[in-house]
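K.L.:
sequence first, predicted coordinates after that:
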Amino acid sequence: MPSADFTSWTKTLPQWHGLLRISPERPYAHAEDLYDAQYGVGTAEPEEGQGLCILLQQQAVDTSGPALEIGCGTGRLSYGLARHYPGPDFLVTDPSPTFLRITQNQFVEPQPDATRLHFALLNADDLGQLPEEMFSLIAMRSTLHHILQVEEFFASCARTLRPGGAIAMGAEPVEAGYVLMAAVAQAIAPTLKAAGVTMKPAWQAQLTNFTDTVQFYCRRDLVKVTAEDKHLFTTHDLSDLAQSHGLHLKYFPNATFSDFAPPEAPEFEGFSVFFHTYLKYCMQFDEEFLSEIRLHLQSQLKFIDECYSSHVGPAVTGVFLFRKPAQQ
Ligand SMILES: C[S@@+](CC[C@H](N)C(=O)[O-])C[C@H]1O[C@@H](n2cnc3c(N)ncnc32)[C@H](O)[C@@H]1O
């Protein structure tokens, strides 16, 4: 059953080339069509959205109202969420019309109930325009660190969330883990030199780009208006933000949404694996450089993995679930 409030609200929104328009369109900073290839993602996989729905069920989040996804990109989370979310409607959003089209194209097969999917242009900075207590779920994957006004964003989320609902965020960068990755990276050039390996100029450029990126992400005294990626978070930043907006945070260190989907139990792959995966897919290090790093930085990476052989860490990412208490 579609939600009556949601349906009447969407009827008030202007249309733009078949999309609902809450914000003006804005392209992504990088080519949208190449996004999946860069991250080595293939055809749509339901595990992320399915895992999120299982997590919501496990945590007894009320999912009786509509869901909103912010920053859908190519639909990595949207695909499974559309199939598994038990609530009445699902509003999939992004500021980029190209990303919205790519995500829409994942739903070409007939849907069991096509009316529950809606697509809108939305910049998170305009979240204050959403109706009060409209959504049971606000879902995001790898999007919070792009949003400029994080404090205002949480205030708007808390306002548009229904009591008993939740904001779920996955794949956000955690500060200490990223700084540790960059610190390990500082040792790459001297270690390769000591081993008699010549650093190619392209490798030096990849390395500098990585360490500069982490430093930019981390700094809080720089103007970040025009940058696409803006913030690294500490878990206590997010916990304080939650508290100041009446939300309760539960953090699952280094978990992904898909960890909650069958058959796996939540299990972090280890720092060295995350490090290599990040350098390969996010920072585009070439294979030859990566294999030199694997060979010559083995002892540093092994040391960190062994420190965390008894528990999950260091925190580099994870799932953040912010719950709004149900009305008494
Ligand atoms: C790193 S991509 C993640 C895409 C997708 N969620 C995924 O997990 O693959 C970040 C997404 O956030 C969107 N985005 C960037 N700035 C935004 C903003 N201010 N408000 C809403 N979405 C934003 C981008 O267009 C992009 O789709």
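P.N.:
Noted; the coordinates are in hand.
K.L.:
just say helix, strand or coil for Phe252.
P.N.:
When classified by DSSP: H, G, I helix; E, B strand; the rest coil, Phe252 comes out as strand.
K.L.:
and the one 3 residues further on, by the same measure?
P.N.:
Three-state call for Ala255 (three-state DSSP): coil.
K.L.:
what count of nearby residues applies to it?
P.N.:
By other CB atoms under 10 Å, 21 other residues sit near Ala255. C-beta coordinates here come from the backbone N, C-alpha and C atoms, glycine included.
K.L.:
tell me the residues on this structure that lie near the ligand, please.
P.N.:
Within the chain, the positions adjacent to the ligand are 28, 70-74, 76-77, 94-96, 99, 123-125, 141-143, 146-147, 171 by CB under 6 Å from any ligand atom.
K.L.:
any idea which residue of the stretch 1-150 of the chain lies closest to the ligand?
P.N.:
Closest residue of the stretch 1-150 of the chain to the ligand, CB to the nearest ligand atom: Gly73 (2.3 Å).
K.L.:
quick check: closest non-adjacent residue to that residue.
P.N.:
Distances taken as CB to CB, 6 or more residues apart in numbering place Phe99 nearest to Gly73, at 5.3 Å, with adjacent residues excluded.
K.L.:
what about the one you found, how many residues nearby?
P.N.:
22.
K.L.:
can you verify it is assigned to a strand?
P.N.:
No. Looking at Phe99 with three-state DSSP, it is helix, so not inside a strand.
K.L.:
can you tell me how far it is from Ala182?
P.N.:
According to CB to CB, to the nearest Å, Phe99 stands 28 Å off from Ala182.
K.L.:
need the helices for this structure, in chain order.
P.N.:
Shown for the chain, the helices assigned by DSSP state H span residues 4-11, 35-38, 47-58, 78-84, 97-104, 150-160, 175-186, 188-194, 201-218, 235-244, 271-277, 287-296, 298-307.
K.L.:
let me know which of the ones you listed is the nearest to Asp259.
P.N.:
helix 47-58 (6.2 Å; CB to CB).
K.L.:
how deep is Gly235 tucked in, by neighbour count?
P.N.:
You called it Gly, but residue 235 is Thr. 16.
K.L.:
do the same with His17
P.N.:
10.
K.L.:
for the lowest-mean-pLDDT helix or strand in the chain, list every residue counted as buried.
P.N.:
Between all helices and strands in the chain, the lowest mean by mean pLDDT, DSSP states H and E belongs to helix 35-38, at a mean of 86. Buried residues in helix 35-38, counted by 16 or more other CB atoms under 10 Å: 35-36.
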